[in-house]
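Participant: okay, sequence plus prediction incoming.
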Amino acid sequence: MKRIVKDPKTRRKEILEVAGELIKNQGYVNATVEAIIQKAGVAKGTFYYYFKSKEDVLDALVHSMVDEVCTEYKKIAAEPKMRAMVKMQQMLRGQNQLPETESELMEHLHQPENRELHERINIEIVTKISPIFAQVIEQGKKEGVFDVENSLETIQFLLASSQFLLESGLFNWTQEEQKKRIQSMQAIIERSLGAKPGSFSFI
């Protein structure tokens, strides 16, 4: 049988898609390297050519997810006729509308054994997404809806604290406790950005 040679980017993407599907259907623990290899129909050497380990696959999947979010946020931020508050609504609501597979990956990251990886992802989110939010905040300052001196640094603090307190899964908040902290975060965002009280009630 003639050996099929695929473009490296295509092959790597295929392995990632298979891994994501396995994690979604079987959970991260059961999605072994062997299972990924079999379902992808590649040799073991091919898998290790692209990835060092299963953790490396998960790392790549989540980074890919962050990049996809960044791409969508950049499109929103670049909309010339959209007001800054509308952009904020679309971007912040979008964080809670991840596809099922990506949500499951994020849920897996909350487990203690993935704490280091989770922290790396949080750094990635703060590093890549903050400049996009800062761009929208600067637009909002021109429109008179925000009044903040250091847009980038302020949004970095807000993103980092929300990721740690609300998204890390470390605190085991009850639903009611989580609701109160989201309400507090809303007030903190409004005061930090110099926005009108209640303007972030959509969170």
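Facilitator: That came through, no problem. Residues are numbered from 1 along each chain as shown.

Participant: CA only for contacts and neighbour counts going forward, please
Facilitator: Fine.

Participant: spatially central residue for this structure, please.
Facilitator: residue 66 (4.4 Å; CA atoms, centre = their mean).

Participant: where does it land in three-state SS?
Facilitator: helix (DSSP: H, G, I helix; E, B strand; the rest coil).

Participant: what sits against it?
Facilitator: Counting by CA atoms under 8 Å, 6 or more residues apart in numbering, residue 66 makes contact with 124, 125.

Participant: now residue 203
Facilitator: Contacts of residue 203 by CA under 8 Å, 6+ apart are 89, 92, 93, 182, 186.

Participant: from residue 71, how far off is the third one?
Facilitator: When you say that, I think you mean residue 93. 15 Å (CA to CA, to the nearest Å).

Participant: over to the last one?
Facilitator: Distance of residue 186 to residue 71, given as CA to CA: 25 Å.

Participant: of these two, which one has the most company?
Facilitator: Using other CA atoms under 10 Å as the criterion, residue 186 and residue 71 rank with residue 186 on top: 19 against 14.

Participant: who does the helix or strand where that one lies touch, helix- and strand-wise?
Facilitator: Using DSSP states H and E, residue 186 maps to helix 175-193. Judged by 3 or more CA pairs under 8 Å, 6 or more residues apart in numbering; DSSP states H and E, helix 175-193 is in contact with helix 151-162.
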